[in-house]
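J.: Give the three-dimensional model of this entry:
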Amino acid sequence: MKNNLIPLDEISSNKLFWKGTRFRLYNVGLNVENSVDDYYEYMLAEYPGDGEFMLLTCVEGYKSGSTLALVKTIQDKSKLAVNGKALKFSMGTENTYLLNIHDW
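T.: Modelled structure (predicted):
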């Protein structure tokens, strides 16, 4: 396992994620010498509108600023969050990790 990375497929479908949470998608095909550097990093961001979706936006790599996917938010509109199930559906789980910068 890569340091500070948790495989997305090991995360509960009920776990909530908030804006600012970061994820890494590895083996994206970058021309790099070390496979450890072959990734894009994405962050959950607000999507303008009624709060029905959040964006997965690239924040590291040459695709910075590009959107990977819209992620359906939870039904409780008092919380702007997505659950693990929606994230896995939108992002996939193969070579996908939660960047663990906090102690969960």
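J.: Pop out the phi and psi values for G65.
T.: In terms of degrees, to the nearest 10, the main-chain angles of G65 are phi 90, psi -20.
J.: And L87, by the same measure?
T.: In terms of degrees, to the nearest 10, the main-chain angles of L87 are phi -70, psi -40.
J.: And E33, by the same measure?
T.: Geometry field for E33 lists phi and psi as phi -70, psi -30, criterion degrees, to the nearest 10.
J.: Next one: it, what pLDDT does it get?
T.: At E33, the predicted lDDT confidence score is 85.
J.: Next one: the spatially most central residue of the chain from D50, what distance?
T.: Averaging the C-alpha coordinates of the chain gives a centre point, and the residue nearest to it by Cα atoms, centre = their mean is F23 (3.7 Å). Distance check for F23 against D50: by Cβ to Cβ, to the nearest Å, it reads 24 Å. Quick note: C-beta positions are derived from backbone N, CA and C, even for glycine.
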